[in-house]
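1. give me a model of this one.
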Amino acid sequence: MITSIAIDDEPLALELLTDYASRTDGLDLVKTYTNPLDALKYLKNFAVDLLFLDIQMPDISGINFYRLVQQNPMVIFTTAHSKYAVEGFNLNSIDYLLKPIEYNRFVQAVTKAKDYKEFLNRDSKNADKFIHVRSEYSLVKIPLKEIEYIESFDDFIKIHVIDSKPILTLMSLKAIMEILPSDQFMRVHRSFIIPLNHIKSVRNNRVQLINVEIPLGLRHKDEFIGWFKSNK
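-> Residues are numbered from 1 along each chain as shown. Here you go, the predicted model:
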């Protein structure tokens with residue numbers, strides 16, 4: 001079952017999505033919002049799999065709204081304006097529905113979301129060995145043992161991979177920490193996550209990994225030093 005919410009400043013558009021969702025197996029539309037700020041408050045407390053998100057809204061655009069969401073749900077953008085399609089797909093959206101939305105097109109988009117969720121879950125038995133992220137229109141599978149460190153850049157993170165080019169994805173460090181095994185990775189700075197098995201030494205608030213030195217932030221220092229003393 002895919003849990004979802006819908007955000008659109010037009011009540012009639014939300015009524016249509018509610019009707020379509022009620023007729024679609026495997027989809028639970030739990031909330032609808034005309035006010036994006038109310039939706040944002042909900043998402044701070046409850047996780048969902050999928051957003052149906054209007055792009056053109058008066059208080060905040062759907063594009064900017066999605067960038068504010070701390071979790072990493074799938075998104076299907078809905079809009080009456082095709083000019084936003086490219087920007088929507090640049091955010092790795094599942095699909096882009098042009099209003100007025102036909103039911104068969106809605107089902108097609110939801111099916112894509114189901115397939116994507118199934119793809120993420122089918123390697124669950126190897127969850128301690130890989131993670132999946134969306135990057136440049138593709139779903140990328142990254143072996144945990146190949147992650148050198150993870151760095152934050154505004155709304156994106158850069159996953160540095162051993163012997164390969166970095167992978168850029170629209171996520172926060174907080175969001176990716178939720179899918180990384182906590183016994184293998186630790187956040188040591190507001191901008192960095194490191195693999196614990198790559199640590200060589202710590203000196204002067206700097207953590208030396210195999211090939212790079214990472215700053216140790218004051219906010220994370222006590223937790224890290226406590227772990228380091230008990231494991232080294």
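2. and whichever helix in the chain runs longest, what does it pack onto?
-> Ranked by residue count and defined by DSSP state H, the top helix of the chain is helix 103-121. On a contact count with 3 or more CB pairs under 8 Å, 6 or more residues apart in numbering; DSSP states H and E, helix 103-121 meets strand 2-7, helix 11-22, strand 74-79, strand 95-98. All C-beta spots, glycine's among them, are computed from the backbone N, C-alpha and C.
3. ok, now how distant is residue 76 from residue 221?
-> With distances taken as CB to CB, to the nearest Å, residue 76 is found 42 Å from residue 221.
4. comparing those two, which residue is more hemmed in?
-> Taking neighbours as other CB atoms under 10 Å, residue 76 and residue 221 compare with residue 76 leading, 23 against 14.
5. return the most buried member of the helices and strands packed on helix 103-121.
-> Among those, the stretch with the highest mean neighbour count (mean count of other CB atoms under 10 Å) is strand 74-79, at a mean of 24.
6. and that strand with strand 2-7, angle?
-> 30 degrees (axes from the mean of the first three to the mean of the last three CA atoms, to 10 degrees).
7. only alpha carbons, please: show strand 74-79 as PDB.
-> Output of strand 74-79 as PDB, limited to C-alpha atoms (Å, rounded to 0.1, in the frame of the first residue of the first chain):
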ATOM      1  CA  MET A  74       8.100  10.200  -4.100                       C
ATOM      2  CA  VAL A  75       6.300  13.100  -5.900                       C
ATOM      3  CA  ILE A  76       3.900  13.300  -8.800                       C
ATOM      4  CA  PHE A  77       3.500  16.900  -9.900                       C
ATOM      5  CA  THR A  78       0.100  18.200 -11.100                       C
ATOM      6  CA  THR A  79      -0.400  21.400 -13.000                       C
END
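8. confidence score at the residue lying closest to residue 129 once chain neighbours are set aside?
-> Take residue 129 and drop its neighbours on the chain: the residue closest to it by CB to CB, 6 or more residues apart in numbering is residue 144, 6.0 Å away. We have a pLDDT of 93 for residue 144.
9. residues in contact with residue 144?
-> 128-131, 180-181, 184-185, 195 (CB atoms under 8 Å, 6 or more residues apart in numbering).
10. and residue 130, what does it touch?
-> Contacts of residue 130 (CB under 8 Å, 6+ apart): 123, 141-144.
11. put the buried members of those residues into a ChimeraX selection.
-> Selection of buried members from these for ChimeraX, criterion 16 or more other CB atoms under 10 Å:
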select :142,144
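12. now, which of the contacts of residue 144 lie within helices?
-> Using DSSP H, the subset of these located in helices is empty.
13. which helix or which strand is home to the most centrally placed residue in the chain?
-> What sits nearest the mean C-alpha location of the chain, by CA atoms, centre = their mean, is residue 72, with 2.5 Å. Using DSSP states H and E, residue 72 sits in no helix or strand.
14. wait, it touches residue 177, no?
-> No: using CB atoms under 8 Å, residue 72 is not in contact with residue 177, being 11.2 Å away.
15. redo the contacts of residue 130 as a markdown table? Include distance to residue 38 and secondary structure.
-> Shown next, in a markdown table, are these (distance: CB to CB, whole Å; DSSP: H, G, I helix; E, B strand; the rest coil):
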| residue | distance to residue 38 | secondary structure |
| --- | --- | --- |
| 123 | 35 | coil |
| 141 | 36 | strand |
| 142 | 35 | strand |
| 143 | 40 | strand |
| 144 | 37 | helix |
